[in-house]
Every structure is written in C-alpha cells, then in structure tokens.
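Enquirer: Return atomic coordinates for the entry below.
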Amino acid sequence: MSVDGLQPLSPILAARIPVELHLEIIGWLACDRHSLHICAMVSRTWYPHSVHLLYEKVDIGALNTVSSMAQSAFKHERVRHNLVGTLALDLDGASEINSGRTLESALVVLASLMPSLQKLTLRQCLPCPLHTSFYAALRACKNVTDLTLCGVVLENYRVLFRVLCGFPQLRRVAFEGNLRFSHATSPSPVDSVLLRRSKHPTSCELRHLRISVSNKALVIPLVQWLVDSSLHTSIESLETRVADKHVTVLNELLQAIGPSLVHFRELVALNKKFAHLDLRHNTSLQTIELYSGHRSLTDIETVLQLTRALASVGSPRLTRIVLKCGDHPGSWKPSANVRAFDTADLIPLHAVIGRPVFDALRVVQVVVCRKRSQDVVAVMTINRLLAPWCARGIVSFI
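Expert: Numbers count the residues shown, from 1 in each chain. Have a look, this model is predicted:
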C-alpha cells in the first residue's frame, strides 16, 4: 500500500469518517498481506479486522512455518482465537520436495486448530503412502466443502476415494496440475465397485467438479473412474480441459451427469487439436463457457467447431454464453495453410444459433484479444459469426 505523495487527513476530518467505511476499505486489501500488516499496526480500531483478514486464509510453504505457527498457537490464546476463524488453508510443498520432506504433518497439526476451515488446497505436499495420522486429521476437517488436489501423488484410486470420504461436507473438488498415481494408472474394477456402493455423503453431495490436470494420460482413467462411481450424480457445475482424445470419455461423464448440470465451462485445451463436447443430455444448463481454441477466428475450422458445439446444446433454460477466443495474439492471424470462411459457410451456424432453444438467451459475452490493432478485426469477425444474436442486441465484448 503506497502512500507516496499523499497527505494525511486532518484529525477533524478523519474523525468524521465512519469506522465502517475504514473497515470496508481494509476489506479490499484481503489479498495484500503486507498492507494488512500495516493496517493492523495503525490503530486499535483497525487491528481486529486486519488480523481477522490475515488469518482468514493461511498459506504454508515450509515445515518451519508449521512449527512456528503451532508453537505460537499453544503458547498464546490470541493466536488460537484467530486460527478458529481461518476459512482457507493452502499447503504448498514444492519448496520441500528436494529435501525429501512433505507438509503432510501440517494438516495433522493444524486441523484441530481450524474448526471453521472450509477450503483446503494440497499442492505437492503429500507423501506416498499416506500415514494413518493424515486420515485421522481429515476427520477434524468437518466443515471443509472445497478441496483442491494439485500435483499430489497417491498410491491408487482407492486412496483417492478414502481421501474424498474424509470430508463429510465436501461440495467441490478440483483435480489440477501433475496429479498422478504411483501404483495404478487405471482404476481397478474393485475400486469402482467400492465407490459405487458407498453410503458416504461425499458420493452424493458433490456439486462442483473441476478437471484441469496436466498429466494427459491420467484424464481418461480419472474421468472413467468418476463415471463408474456415484460422485457425479449431483454435479451442478463442471469445468474441464478438452483434447480430442478425451472427448469420448468426457461425453460419457456429461451424459452420466445429465439434467443436474447447470453450469459448464471449457478450460484452455491441452493441445492444439481441440474439440467441443456434447451437451444435449444436459437439459438444465443455464450458463456455458466455450473455448474457441488456438485457431484464427476467420478459419473455416473455427466456424465448423462452433457450429458443432452450439448444435449439441439442448437446454431451453440457457441464459448466458461466454465465448473465449484464442488466448494469444498469434491466434488471430490467419494462416496460409487454412481457408478463411465466406458468407455461405455461415449459413449452418446461423441456422443453429437461430433455434428456439436459444430463445431464453439473454447475454452472449465474447472475450477478445486486448491488442488494439486486432480488436477491430475481432469485433467485425464476431459480428459476422454471431449475426442473429447481434441483431437481438445480446452480444457484448470483454
């Protein structure tokens, strides 16, 4: 928080500003820990709110931090009181990998000190195999609803099932980074049967699922395991990366989820061979975010892919579509090896987006390149691609 060139308010004027306004401004600094430390030292009035925000999300990247925090908690009642209000815990063991140590003990030590914990992120911090004390620590995380597994190594899918079942209130799961299994590349039939027969709340209350693993070989067995289990039965929001070889199994997942799906988001593709998914079984969708891939907007292949993607939509409740175009300026430049579309090529696309299923659509947001020299071309191209929706006045650019 820089104060260079700013003059402090006079005491009379400062006294007229309500304390609630001060606290509201401090709330906007929730992600700036350095500024929160400064605010905590300004006055006794600012201290409680600033410290509350500092402890609301705890990030730990070294065992030394765990040790010092645990010692402070056992010595000082004030620290224990602040940890009670912690809502998010992020354990990042990347810096400890070379030393052969993990942050598994961090959750064991801190779980009982953070009874209000709702969001837990585990990044490259778990040993393989997991110690029994880790599973005991999971039972103390009774209020965790959001779990992210990023780059962790587990023995097999049975261990993954056991970890998920450790959180009785789990509602959101994200698989990210280089997630992998040391003793099994694919789930065994026994693993799927055990999960399907489970009566644990985790198997029927999961609402949000995010699949963004960088390990391409893991996507198919992981998704197949989710399809064979009962984890998908209540999913309302799905975010996933898409590559051509994963389309079949991801379509099986979408079909298994069925009408319960309300929000769907395509993440950046795993490779340049990009393909959209089939959404015809998800008849309750309200929002869709589509990713156009790395091709130029003027490429005929972009038109064909967009046509196929929108043709698969079968939800009459759809009110919002987000179309994210190429994520780098080079994707806007037409290549000499591809054919640009003409007016005749747009007839099937316009017929698809003119279907009655899109009558309830109210907003179409297009995320375009920020480079000014190409923005004008992008807007003109989008206006041609989405002409029926532009005529309705529902297309906007971000």
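Enquirer: quick one: low-confidence ranges for the stretch 51-200 of the chain?
Expert: Scanning the stretch 51-200 of the chain for pLDDT under 70 picks out the ranges 95-102, 184-200.
Enquirer: Strands along that one, start to end?
Expert: For the stretch 51-200 of the chain, the strands defined by DSSP state E, counting those that start in this stretch cover 57-60, 88-92, 119-123, 146-150, 153-154, 172-177, 180-181.
Enquirer: Partner strands of the second one, with direction?
Expert: Meaning strand 88-92. strand 57-60 (parallel), strand 119-123 (parallel) (DSSP bridges).
Enquirer: ok, back up a step: with distance to residue 79 and mean neighbour count as added columns, please give the strands of the stretch 51-200 of the chain in TSV.
Expert: Yep, even glycine has a C-beta here, placed from its N, CA and C like the rest. Below are the strands of the stretch 51-200 of the chain laid out as TSV (distance: least, CB to CB, whole Å; neighbours: other CB atoms under 10 Å):
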stretch	distance to residue 79	mean neighbour count
strand 57-60	12	17
strand 88-92	15	20
strand 119-123	20	20
strand 146-150	24	21
strand 153-154	32	18
strand 172-177	29	19
strand 180-181	36	19
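Enquirer: residues in contact with residue 19?
Expert: residue 45 (CB atoms under 8 Å, 6 or more residues apart in numbering).
Enquirer: And for residue 255?
Expert: Residues in contact with residue 255 (CB under 8 Å, 6+ apart) are 278, 281.
Enquirer: swap the cut-off to 10 Å and go again
Expert: 227, 232, 278-282 (CB atoms under 10 Å, 6 or more residues apart in numbering).
Enquirer: ok, which stretches of the stretch 251-398 of the chain are helices?
Expert: 300-311, 347-353, 372-385, 387-392 (DSSP state H, counting those that start in this stretch).
Enquirer: Can you give me the buried ones in the helix or strand hosting residue 227?
Expert: Residue 227 is part of helix 216-228 when elements are defined by DSSP states H and E. Across helix 216-228, burial judged by 16 or more other CB atoms under 10 Å covers 218-228.
Enquirer: what's around the residue nearest to residue 361 when sequence neighbours are not counted, how many residues?
Expert: Once flanking residues are discounted, residue 361 sits nearest to residue 318: 5.7 Å by CB to CB, 6 or more residues apart in numbering. Neighbour count for residue 318, taken as other CB atoms under 10 Å: 22.
Enquirer: just the contacts of residue 255: which has the poorest pLDDT?
Expert: The lowest pLDDT within the contacts of residue 255 belongs to residue 232, with 83.
Enquirer: Contacts only, for residue 174.
Expert: 121, 146-150, 208-213, 239.
Enquirer: Closest one of those residues to residue 87?
Expert: Comparing the contacts of residue 174 against residue 87 with CB to CB places residue 146 closest, at 9.7 Å.
Enquirer: Please tell me I have it right and that closest one contacts residue 206.
Expert: No. In this structure, residue 146 is not within contact of residue 206 by CB atoms under 10 Å, at 11.1 Å.
Enquirer: For residue 58, which residues are in contact?
Expert: 65, 69, 82-83, 86-91, 106, 110, 114, 117.
Enquirer: Compare the contacts of residue 255 and tell me which has the most neighbours.
Expert: residue 282 leads these on contacts (other CB under 10 Å) with 25 neighbours.
Enquirer: And that one, how far from residue 94?
Expert: 36 Å (CB to CB, to the nearest Å).
Enquirer: Also residue 160?
Expert: Applying CB to CB to residue 160 and residue 94 gives a distance of 21 Å.
Enquirer: One more: residue 79?
Expert: 26 Å.
Enquirer: the more surrounded of those two?
Expert: Taking residue 79 and residue 94 together and counting by other CB under 10 Å, residue 79 has the greater number of neighbours (18 against 13).
Enquirer: correct me, but that one touches residue 54?
Expert: No. With contact defined as CB under 10 Å, residue 79 does not count as touching residue 54 (11.3 Å).
Enquirer: Could I get the full set of strands for the stretch 251-398 of the chain?
Expert: Ranges of strands in the stretch 251-398 of the chain, per DSSP E, counting those that start in this stretch, are 263-266, 287-291, 320-324, 363-367, 395-397.
Enquirer: what packs against the shortest one?
Expert: Translated: strand 395-397. strand 363-367, helix 372-385, helix 387-392 (3 or more CB pairs under 10 Å, 6 or more residues apart in numbering; DSSP states H and E).
Enquirer: Contact partners for residue 145?
Expert: So residue 145 contacts 117-120, 167-172, 205, 207-208 (CB under 10 Å, 6+ apart).
Enquirer: and the residues you listed as CSV, adding distance to residue 397?
Expert: Formatted as CSV, the contacts of residue 145 follow (distance: CB to CB, whole Å):
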residue, distance to residue 397
117, 40
118, 35
119, 33
120, 37
167, 40
168, 44
169, 40
170, 38
171, 33
172, 30
205, 38
207, 31
208, 28
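Enquirer: And those, which is closest to residue 40?
Expert: Looking across these and measuring by CB to CB, the closest to residue 40 is residue 117, at 22.0 Å.
Enquirer: And the closest one, its phi and psi?
Expert: phi -60, psi 130 (degrees, to the nearest 10).
Enquirer: burial count for residue 127?
Expert: Residue 127 is flanked by 16 other residues according to other CB under 10 Å.
Enquirer: wait, isn't it in contact with residue 108?
Expert: No. Residue 127 is beyond contact range of residue 108, at 11.7 Å (criterion: CB under 10 Å).
Enquirer: Need the overlap of contacts for those two.
Expert: Common neighbours of residue 127 and residue 108 (CB under 10 Å, 6+ apart) are residue 134.
Enquirer: quick revisit: return a ChimeraX selection command for the buried portion of the contacts of residue 58.
Expert: A single ChimeraX command suffices to select whichever of the contacts of residue 58 are buried according to 16+ other CB under 10 Å:
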select :69,82,83,86,87,88,89,90,91,106,110,114,117
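Enquirer: Closest one to residue 322 out of the contacts of residue 58, please.
Expert: Nearest to residue 322 out of the contacts of residue 58 is residue 88 (CB to CB; 26.0 Å).
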